[in-house]
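Asks: kindly generate the corresponding structure for this input.
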Amino acid sequence: MPERTAGEMLVERLIELGVDTVFGLPGDGINGVIEGLRKHRDRVRFVHVRHEEAAAFAACGYAKYTGRLGVCLATSGPGAIHLLNGLYDAKLDQAPVLAITGMTYHDLVGTLYQQDVNTDYLFQDVAVFNQRVMGPAHVVNLVDLAVRTAIARRGVAHITFPLDIQEWKAGDDDRSEHNVARHSAVPPLLSIRLPEAGQVERAAAAFRGKKRIAILAGHGARGAGDLAEQVAERLAAPIIKPLLGKDVVPDDSPYVTGGVGMLGSRPSQEALAACDALLIVGSSFPYMDYLPRPGQAVVVQIDDDPVRIGLRMPADVGLVGDARATLGALLPTLPENGDRAFLEDAQRGARDWWQLMEERGSQDAVPMKPQVAAWQLGQVLAEDAIVSGDSGTVAIWAAQMLRIRRGQRFSLSGTLASMASGLPYAMAAQVAHPGRQCVAFVGDGGMEMLMAEFATCVQYRLPVKVVVLKNNVLGMIKWEQMVFLGNPQYGVEMTPIDFVKFAEACGGRGFRIEDPKRCREQLAEALATEGPVIVEAVTDPHEPPLPPKVKPAQAAHMAEALARGEPNRERIALTMFRNSLDEAAYPASPFGVLARIVRRLAGARRRRPEVSG
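Replies: The predicted structure is shown next:
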């Protein structure tokens, strides 16, 4: 039997550690590892993507949707550089990913040779583990530690491999005196961290006497959704979810009020503005201006990373531990909140909100409103569907309009908020869960960045369904230019692409939706079609992504942008005027001022004590 090369040794060790999928793109700088993958293709699947950025996104999505290590691979120089965006996505969303890259010949590193990039220096900021292979005797120890570190620290581990060393065989390098063979550790052993009992008691005491309690449940609370609901019942507290935590507790839970921030819901924003206590579970939601004011509420925070306790607002009590285990310890000690008025107000607000979302998602105006495509998609998704979002206005429609049910999954590039992640995420989800419906819900701007990955879906027979909102403009940037700065839009329009023809050119199927009355029917047909599918949903580019509440400065900037020569000012103004008329009767709408006054008066009347005459 021929001796194994160092590249083969790396692949074999990954297999022994449980890796079964690698996303990547071959190249001469990584061919020794590719040969190891070829020889072991019956034990590990290599998914050849069209761009290395997609490989890193896919590895991140794989880690998110499985809870296991995601692995990506790229050649030296430009290939390795292309990985970085997807790896930063994994770093910022705390997904365990291993990146393997090639380097030039070990004795030409730093001599300006072809594709000579010091990738170990390059990856210094993105990686929690970052090392260069020095020889075959180095491989096993290095792989073991890289995998353990990525999983334990929920981050990116990086191994870079000079291309000539990949071909060295055991014995080509001398094992050092202290490097004893077969002394490297087994795969990582996960432990569950619990806070001290005294801290748990302090946390419970913090809620005593509080009547307006809210829960902020982020993606760190995944797997603890049922306990979060039990805590919500005991504390009479609404559950508010940052977008990364959208599937932690289902949107149809009686305790959930929706998202938070610009992409959130009105009842969530009102609950945070009025609460006198806040329980934060596994969240580092970045936008502090949406959180309670300093001194407004007592704060208890649960996070298994002590560095994140108090990151966004001071925590009166910090509980460092696993979300599920910590909630399980906290629940029996919590006081029962008998005053349910705050929760009931939030529940009424949530009903109003979903009524408004259904109204927005059922419009029959042409061009079709983007909310219609999002709402109708939510109605026809399978009960165990996995939906991967993207960045831009499409993230707002997904956050507000998709009502994720129990058993469904949702994710996107959260903290990095990178465009182009939706399709690679959906590919990874389909590889990891071949029997489930996997959908990418993306805008045309993000889709065009990595649209070649649809050919990857065709090649590997991944029945991914891609719903593209097509408005031929970078929508979020357009509205940010107007609303944040008061500037007319500039540099955001795109030449139209026929995504149906593109899908067919790649060997898949394509559907076009233009009539909102047929949207639901066509989406259902597309989801039921075998194989990879692109749905081109043609939508109105002048529909503004409204936040739950419009701030005065935002309205002023919009008026300023229209006055300063916005080329589509008449269409935009007309759209907003029609929206204000259509939604005047909905309390949850920014335009529903009169409806909110009536609701408030009715609520006061309900709470007024009866006086006998």
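
Asks: next, the distance between the ends of stretch 437-449.
Replies: The stretch stretch 437-449 measures 23 Å between its terminal residues, going by Cα to Cα, to the nearest Å.

Asks: distance check, D251 against L402.
Replies: To L402, D251 is 8 Å away according to Cβ to Cβ, to the nearest Å. Bear in mind the C-beta positions are built from the backbone N, C-alpha and C, glycine included.

Asks: helices of the stretch 101-250 of the chain, start to end?
Replies: Ranges of helices in the stretch 101-250 of the chain, per DSSP state H, counting those that start in this stretch, are 119-122, 136-153, 197-206, 225-235.

Asks: quick one: buried residues of the last one?
Replies: By that I understand helix 225-235. Applying a neighbour-count criterion of 16 or more other Cβ atoms under 10 Å, one finds G225, L227, A228, E229, Q230, V231, A232, E233, R234, L235 buried in helix 225-235.

Asks: off-centre distance for that helix?
Replies: Taking the mean of its C-alpha atoms, helix 225-235 sits 23 Å from the chain's own mean (Cα atoms, centre = their mean, to the nearest Å).

Asks: just checking, what packs against it?
Replies: Under the contact definition 3 or more Cβ pairs under 8 Å, 6 or more residues apart in numbering; DSSP states H and E, helix 225-235 sits against strand 213-217, strand 239-241, strand 277-281, helix 323-330.

Asks: pick the most buried one from these.
Replies: Stretch with highest mean neighbour count among the helices and strands packed on helix 225-235: strand 239-241 (a mean of 32; mean count of other Cβ atoms under 10 Å).

Asks: please work out the average pLDDT along the following helix or strand past that strand.
Replies: Sequence-wise, the next helix or strand downstream of strand 239-241 (DSSP states H and E) is strand 256-259. Averaging pLDDT along strand 256-259 yields 97.

Asks: packing partners for strand 256-259?
Replies: Using 3+ Cβ pairs under 8 Å, 6+ apart: strand 256-259 touches strand 239-241, helix 266-274, helix 341-360, helix 393-401.

Asks: same thing but at 10 Å, please
Replies: Here strand 256-259 touches strand 213-217, helix 225-235, strand 239-241, helix 266-274, helix 341-360, helix 393-401, going by 3 or more Cβ pairs under 10 Å, 6 or more residues apart in numbering; DSSP states H and E.

Asks: wait, which of those is closest to T119?
Replies: For T119, the closest of these is helix 393-401, at 31.3 Å, according to Cβ to Cβ.

Asks: how many other residues sit next to E560?
Replies: Neighbour count for E560, taken as other Cβ atoms under 10 Å: 16.

Asks: hang on, the earlier thing: closest one to T456 among the helices and strands packed on strand 256-259?
Replies: helix 393-401 (21.0 Å).

Asks: the closest one: what's the following helix or strand?
Replies: Counting by DSSP H and E, what follows helix 393-401 is strand 409-411.

Asks: how about the contacts made by the most centrally placed residue in the chain?
Replies: By Cα atoms, centre = their mean, the mean C-alpha position of the chain lies nearest to L412, the distance being 2.6 Å. Each residue near L412 by Cβ atoms under 10 Å, 6 or more residues apart in numbering is listed here: 61, 64, 89, 93, 243-244, 246, 387-391, 394-395, 398-399, 418, 421-422, 425, 440-442.

Asks: could you pick out the buried ones from those?
Replies: Looks like those have 61, 64, 89, 93, 243-244, 246, 387-391, 394-395, 398-399, 418, 421-422, 425, 440-442 buried, using 16+ other Cβ under 10 Å.

Asks: reduced to three states, what does S413 come out as?
Replies: coil (DSSP: H, G, I helix; E, B strand; the rest coil).

Asks: what values do phi and psi take at it?
Replies: phi -70, psi 100 (degrees, to the nearest 10).

Asks: ok, S388 next?
Replies: phi -110, psi 120.

Asks: isn't it right up against A420?
Replies: No - applying Cβ atoms under 10 Å, one finds S388 not in contact with A420, separated by 11.3 Å.

Asks: which neighbours do the two have in common?
Replies: Joint contacts of S388 and A420 (Cβ under 10 Å, 6+ apart) are F57, S413, V442.

Asks: okay, and the last one sits in which element?
Replies: By that I understand V442. Applying DSSP H and E, one finds V442 within strand 438-443.

Asks: quick one: distance of that strand to the chain centre.
Replies: Using Cα atoms, centre = their mean, the offset of strand 438-443 from its chain centre is 12 Å.

Asks: mind listing what that strand pairs with, with the direction of each?
Replies: strand 386-388 (parallel), strand 465-470 (parallel) (DSSP bridges).

Asks: tell me which of these lies nearest to R436.
Replies: strand 386-388 (5.7 Å).
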